[in-house]
Each structure stands twice: as C-alpha cells, then as structure tokens.
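Undergrad: here is my input; please provide its structure:
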Amino acid sequence: MRAAARAVIVVMLLACAAGLVWMFRGPDASDQVVGNANVVGGVAGVVAVVLAVVVLWPRGRRGPAAVVVAGQARAAVEYLAGETLRYWRVQAKDRRITTPSPAAVRWRWASEQVAVPAGELQPAPVPGSGGPVTGPVGRVLTAGVVTELREQLYDRLGGERARVVILGGPGAGKTAAMLLLLVDVLEHRQQAGPGRPVPVWLTLGGWDPANTSLQEWASATLTRDYPGLAASGYGGGRAMAAELVRTGRVALFLDGLDEMPPAVQGRALQVIDRDAAGLRVVLTSRPDQYRAAVEDGRLYGAAVIDVLPVDLDHAEAFLLAEQLGDRRRRWQQVTGHLRAHPNSPAAGTLTSPLALSLARDTYTRADPADLLDTDAHPTPQALLQHLLARSLTLAYPDPAEHQHATRWLAWIARHMGASRDLRWWDIPTWTPRWQRRLVFGLVFGLVFGFAAGLLLLGPVGLVFGLVFGLALGLVFGVGLGLSSEPKTLVVRWPAYRELRSPFRAGLRAGLVSGLAAGLLLLGPVGLMFGPVFGLAAGFMDLWSRPLATARAASPIEVYRSDRRQNLVFGLAPGLVFGLAAGLLFGFEEWSVSGRVSVSVSGSGFLFVFVFVFVSMLVVRLGPALQLAVVWVLRGRRVRFVPLLEAALDRQVLRQAGAVYQFRHAALQDLLAAGGGH
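TA: Okay, the predicted model is just below:
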C-alpha cells in the first residue's frame with residue numbers, strides 16, 4: 001500500500017511539473033493560464049488531500065511488532081538500570097553519604113503497632129527456581145545495619161513479597177538507607193545478571209493518590225526523569241514506562257510518605273498496596289505519620305523496620321574517619337567529652353546522620369570544641385539549628401551574597417509549603433497569573449507593533465503600528481493560559497542515521513501539503529514553499545524526540561531543553577512562513593507573455609518572521625521563558641536558575657531526578673520559618 005502510494009505521488013509530481021511547464025512556457029500560454037491553473041490545481045488539490053490521508057494516517061501495529069516490543073522492553077530495562085546506577089552513585093557521593101564513608105546506622109524490627117511479627121512473613125520462592133527459599137537465606141532477620149539491608153532483608157523476602165518500610169525521625173537516615181539499598185541492589189544486579197527488577201526512585205510528595213493511580217504516576221515520573229525511555233528505539237512515549245511498571249520489571253522505591261498531606265497518607269497506602277501487586281516496594285516515612293496512616297490503609301506483607309540512633313562508638317568512628325593531625329586530636333577531644341557527658345546537648349544531638357554530617361562538614365576548618373558550648377547551644381534543637389545556619393554561612397561566605405541567597409531561598413521554601421520537591425517550573429505559578437499575562441501581552445504588542453509600523457508602514461506609521469500592536473498584544477496575551485510543565489527531553493545533536501527518519505517524514509508531508517497549497521492557492525511559490533515547510537517540520541520533529549542515549553534528567557538539563565525547544569519552535573515556523581511571505585510579496589506575473597518573476601521581499605519576510613516567531617513563543621511559552629518574566633516582575637532582583645545551580649554546587653540543594661530538593665528537610669523548614677540568617 002505504501003509503495004503504491006509513493007508511486008502515485010511521484011507520478012502526480014511529474015504530471016504537475018509537466019502541467020506547470022505547459023501552462024507558463026507552452027505555445028498556448030495566454031490569459032487562459034489562470035483558468036488552466038485553477039482546473040489543474042483543483043484536481044491536484046483533491047488528489048493531494050487523499051494522498052495525505054493515505055500516506056500520513058496513523059496505523060496500528062500488527063503481528064510481528066509484538067516481538068519487537070519485547071526486545072525494546074529488554075533494551076529499555078538495561079538503559080534504565082545503567083542510568084539509574086550511574087545517577088544515584090553520583091548522588092550518594094554528592095550527598096556525602098558515601099564520602100568519606102557512610103555512617104554505621106542500625107535497624108530493628110518495628111513495634112507491633114505498625115509491624116506484624118517477623119515470623120508471619122514467609123519468604124517467597126526465588127524467581128526462576130520454582131521452590132521456596134531454604135537455608136539461612138530464607139530466614140528473615142529482625143535487626144542489622146542499613147548498609148547491608150539487601151542481604152539482611154530485601155533479598156531474603158524475595159519475589160513480590162519484598163516490601164520494606166523504613167521508619168525514622170527527621171535526619172535519622174531513612175532516605176540515606178534507601179539510597180544505599182538502591183545502589184546495592186543495582187550493583188548486585190550487574191553481578192547476578194539481568195532479569196531482576198530495576199529499582200527506581202520516586203518522591204511521594206508529588207503524587208495525588210485520589211486522582212492518579214500509582215502505575216500512571218510512576219510511568220509519568222519515569223518518562224520525566226529518564227527521557228531516553230520515550231525514544232523511538234524503545235517504542236516511544238509513556239507506553240514503554242507503563243509497560244515496565246505493569247510487567248514488574250521495576251521495583252518502586254518510594255521516598256517520603258510523611259511528605260504527603262496527612263489527609264491522603266492512609267489513602268496512599270491503600271493505593272500502593274493495590275496497584276503495586278506483583279512489584280517490589282520500599283517505602284520511607286517518619287514513624288508518627290506512618291502510625292497514623294495505617295489507621296486508614298495498610299501495606300500488607302511489608303517488613304517494617306525502625307532506623308535507630310547512632311551509638312557513640314559509631315559516631316566517634318564517623319567523626320574521626322579520614323581526619324589527620326591536629327584535626328583528629330580536636331575531634332578526639334569532642335568525642336571524649338561526649339563519653340564523659342552523655343546527657344549534654346552535644347551528645348543528644350550527634351546521634352543522627354544529619355547532625356553528624358553537618359558537624360563534620362561545617363567544622364572542617366573551625367575548632368569543633370564550639371559544639372560543646374552549652375551557653376551558646378543549651379539544647380539539642382538549638383545546636384541543630386546552629387549547624388544548619390552555619391552550613392548556609394559556609395556556603396555563602398560573602399555577607400551580601402549570603403543575604404541575597406537566603407532571602408530568595410526562604411521565599412522559595414515558603415512557597416513550596418509541605419512539598420519537598422522543588423520543581424523549578426512551578427516558580428512562575430507563584431506569581432499572579434494576570435501579571436504574567438500582562439507582561440506577555442505587552443511584549444507581544446511592542447514587537448508586533450514595531451514590525452508592522454516600521455517594516456510595512458514606514459517611519460510615519462510607527463506610532464500607529466505600536467498603538468495597534470499593543471492593543472492586539474494585550475488582547476492576545478491576556479487571553480492566554482500560562483501554566484505548563486516542560487517536556488523533559490534531553491536532546492543532543494544526533495548522528496546522521498538519527499536525522500534521516502524525521503526529515504524524510506517531514507519532507508514527504510511538505511511535498512504533499514506544498515502540492516495542494518501550490519496548485520489550489522499559491523501557484524509555483526507554493527510548490528517551493530512545500531518542501532521548505534516539510535524540512536522545517538522534520539527539524540521540529542527531531543527536537544521533539546528524545547534519543548535512546550539520553551542521560552537521566554537533571555533540573556538544569558530540563559531547563560535548557562525547555563528553553564531550546566521554545567526557541568526552535570519559534571524560529572522554524574517563523575523562518576518558513578517568513579520566507580513564504582517574502583516570496584509572495586515579491587511575486588510578479590505578466591499575464592500577456594505568461595512569464596513569471598519571483599523575488600524575495602525583505603519587508604514581507606521580516607514582518608511575517610517577527611510576527612510568527614513572537615506568536616509561537618507566546619503561544620508555546622514554556623516555564624524556562626516564563627522565569628524570565630518573573631525576573632522582570634520581581635524587579636530583576638533574582639535570576640532563579642543561577643541561584644538554584646549555585647545552591648546545588650554549594651550543597652544547599654540536591655537533585656532527585658528532574659527536581660531539586662533542599663539538602664535536608666530541616667534546612668527547608670528553617671528557611672521557611674525565616675531562619676538561616
């Protein structure tokens with residue numbers, strides 16, 4: 001069918017070319033040329049529409065595609081495993097979890113208020129063995145260390161019964177424990193071979209269980225954080241991510257049940273229990289929130305464990321690790337004081353990975369004996385607040401920079417509310433929509449009015465053009481809806497083989513549309529316009545397709561990708577329509593001789609290019625460009641992306657997929673409350 005359609009297209013193009021030569025160069029070329037063109041154009045236009053439907057109408061997959069999909073799924077799983085391991089290894093190091101060494105945190109089975117006895121959890125069969133787990137591997141342990149959670153608990157549960165809930169207070173290390181488990185599972189998967197589910201990290205604060213199923217939300221988040229899954233090599237779109245979740249090829253590592261609104265936490269447990277049937281699940285939460293949630297929902301078959309405070313021996317080992325010379329002797333004085341005064345504020349504070357990490361990081365050059373000053377830090381809470389504030393002071397040593405950064409980070413923390421995910425594309429929505437619409441309308445009106453007044457009407461018409469353009473821009477801009485989430489497509493310049501497919505499709509569509517437009521409406525200019533339009537469509541399509549080699553998304557790559565796509569989707573139509581307009585304005589015909597003269601009108605090209613470019617930017621204005629508008633509305637006092645990237649470099653923020661997070665939830669709470677100065 002496709003071969004026949006292509007043959008018909010070729011024949012029609014040759015026939016139309018011959019017809020054009022006859023109409024304009026043949027011996028009978030005369031005033032009848034217009035009538036001849038109308039007749040030929042009408043017939044060709046109908047044929048072109050039919051051919052466009054035949055060639056471009058989407059078709060469903062049949063038969064052999066099922067084998068391809070299975071192969072694509074296997075390839076997608078390995079892509080996901082490789083990118084997840086690479087990404088979270090870096091995050092573990094950047095978050096100071098594995099550098100210089102992880103804190104030795106112990107765990108134990110939770111109380112009967114939230115956990116069934118360990119003996120009631122019978123190990124499931126080992127996948128592929130057909131029988132139950134036997135020997136010591138099948139014994140579910142009730143205590144251990146978080147760095148060995150995989151061997152001690154996760155693998156022992158086996159199969160779909162591998163449901164683990166990690167409970168811990170603020171800064172207790174539950175998130176770090178899950179991160180270490182995730183990396184360990186992936187590294188063990190490399191040794192054991194493919195076939196085991198790939199753990200993927202999902203932050204629960206961004207999920208609404210009342211309106212979205214767990215599998216739908218997980219699929220959308222995977223597509224956002226791993227843009228390569230949407231590549232054509234893996235089947236394209238969200239379908240592949242949904243397939244991986246549906247078939248149990250991934251394990252869901254769900255961070256932060258306590259970060260969800262309290263009213264939906266019980267409902268979230270119900271939905272997780274229902275939608276994660278057949279999936280391995282690891283969940284973190286604070287104890288009080290989980291205890292309240294199980295009143296309304298249950299995660300059946302889950303091993304629920306408590307992360308314990310760090311004991312003094314492990315705290316001492318952590319603080320002295322990699323310390324040399326005078327630094328080591330000063331820290332030994334601190335740990336000696338902790339042993340001698342177990343009820344001091346310092347001893348009560350330095351029992352969590354958060355406090356230990358802050359103490360080691362913020363006193364790398366200062367004397368750590370300051371931690372023992374009970375007058376300055378009379379309570380454990382006061383000492384923790386001091387460590388958090390000191391981390392900001394060290395991150396921004398310049399007083400002016402410190403004031404600027406903490407002011408705007410506090411503004412961001414307050415607008416985030418209870419959410420722990422800082423999605424940079426949400427920042428424009430924190431400014432009243434009417435203000436953003438007004439700015440968009442003014443910008444559009446000024447540009448359009450300038451183009452119309454100066455390029456078409458000349459200097460005399462500039463004032464009229466500006467007034468008219470502002471009026472049009474205000475109506476146009478104010479009427480737009482201005483909230484959107486960027487497509488997280490980390491697109492890089494592709495190889496030649498990746499260029500061919502979208503350009504072929506675009507050129508084919510351009511030839512068909514150009515044939516119809518040229519013979520029905522625009523004449524020879526339309527025939528020239530068609531292929532150009534097709535190439536532009538192919539270029540736009542290329543920039544809308546992620547590559548199978550795309551790295552796991554980071555916030556800055558998402559921002560750059562959104563900004564690039566805004567510009568590409570403005571430039572491509574602007575150039576095409578501008579060129580077409582320039583050709584039309586420069587088109588001249590002498591009907592007596594039948595000769596046609598085509599030139600390019602500079603004013604027509606510039607006017608239409610500016611109009612279409614600005615229009616496309618306004619219509620498709622993504623969050624990356626909306627941030628620039630917020631910058632204007634805020635009096636040009638802050639550039640958000642440089643602010644966030646600097647905070648990331650200075651360990652004030654961290655990354656979790658495509659979003660930022662504050663390094664510690666306690667730091668976010670401190671800034672939101674007005675602290676940190």
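
Undergrad: what's the mean pLDDT across stretch 194-202?
TA: The average pLDDT within stretch 194-202 is 90.

Undergrad: mind saving the C-alpha coords of it as CSV?
TA: Once non-C-alpha atoms are left out, stretch 194-202 reads as follows in CSV (Å, rounded to 0.1, in the frame of the first residue of the first chain):
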residue,chain,number,x,y,z
PRO,A,194,19.6,-9.3,34.0
GLY,A,195,16.1,-10.4,34.9
ARG,A,196,15.9,-8.8,38.3
PRO,A,197,13.6,-5.7,38.7
VAL,A,198,15.4,-2.4,38.4
PRO,A,199,14.8,-0.2,41.5
VAL,A,200,13.6,3.3,40.6
TRP,A,201,13.4,6.3,42.9
LEU,A,202,10.1,8.2,43.3
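
Undergrad: show me where the stretch 351-500 of the chain has helices.
TA: All helices of the stretch 351-500 of the chain, identified by DSSP state H, counting those that start in this stretch, fall at 353-362, 380-395, 399-416, 433-450, 462-478, 496-517.

Undergrad: mean pLDDT lowest for which of those?
TA: helix 496-517 (a mean of 56).

Undergrad: where's Thr98, which helix or strand?
TA: If you go by DSSP states H and E, Thr98 is not part of any helix or strand.

Undergrad: ok, now which ones touch it?
TA: Thr98 is in contact with Ala92, Leu180, counting by CB atoms under 8 Å, 6 or more residues apart in numbering. The way it works is simple: take the backbone N, C-alpha and C, and place the C-beta from them, glycine included.

Undergrad: any idea how far Arg663 is from it?
TA: According to CB to CB, to the nearest Å, Thr98 and Arg663 sit 15 Å apart.

Undergrad: surely Val629 meets Pro428?
TA: Yes: using CB atoms under 8 Å, Val629 is in contact with Pro428, at 7.0 Å.

Undergrad: quick check: neighbours shared by these two?
TA: In contact with both Val629 and Pro428: Arg436, using CB under 8 Å, 6+ apart.

Undergrad: comparing these two, which residue is more hemmed in?
TA: Counting neighbours by other CB atoms under 10 Å for Val629 and for Pro428 shows that Pro428 has the greater number, 24 against 20.

Undergrad: what number of residues lie near the nearest residue to Arg274 once chain neighbours are set aside?
TA: Among residues not flanking Arg274 along the chain, Leu214 sits closest, at 8.0 Å (CB to CB, 6 or more residues apart in numbering). The number of residues packed near Leu214 is 23, by other CB under 10 Å.

Undergrad: was I right about Leu214 contacting Gln270?
TA: No: using CB under 8 Å, Leu214 is not in contact with Gln270; the gap is 10.2 Å.

Undergrad: what touches both of these two?
TA: Joint contacts of Leu214 and Gln270 (CB under 8 Å, 6+ apart) do not exist.

Undergrad: angle of the host helix or strand of Ala666 against helix 399-416?
TA: Ala666 is located in helix 665-672, with elements delineated by DSSP H and E. Interaxial angle, helix 665-672 versus helix 399-416 (axes from the mean of the first three to the mean of the last three CA atoms, to 10 degrees): 100 degrees.

Undergrad: what helices and strands are in contact with helix 665-672?
TA: helix 380-395, helix 399-416 (3 or more CB pairs under 8 Å, 6 or more residues apart in numbering; DSSP states H and E).

Undergrad: just send those back as TSV, with mean neighbour count and distance to Leu670 too.
TA: Formatted as TSV, the helices and strands packed on helix 665-672 follow (neighbours: other CB atoms under 10 Å; distance: least, CB to CB, whole Å):
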stretch	mean neighbour count	distance to Leu670
helix 380-395	19	5
helix 399-416	17	8
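
Undergrad: among the ones you listed, which comes closest to Ala75?
TA: With CB to CB as the criterion, Ala75 lies closest to helix 399-416 of those, at 37.1 Å.

Undergrad: elements contacting that closest one?
TA: Using 3+ CB pairs under 8 Å, 6+ apart: helix 399-416 touches helix 380-395, helix 640-649, helix 665-672.

Undergrad: give me the angle between it and helix 640-649.
TA: 100 degrees.

Undergrad: tell me, how many residues neighbour Arg108?
TA: Neighbour number of Arg108 under other CB under 10 Å is 13.

Undergrad: quick one: the nearest residue to His341 once chain neighbours are set aside and Leu308, what's the gap?
TA: Leaving aside its sequence neighbours, His341 sits nearest to Ala347 (CB to CB, 6+ apart; 6.1 Å). Counting by CB to CB, the separation of Ala347 from Leu308 is 16 Å.

Undergrad: for Ala230, same thing?
TA: 42 Å.
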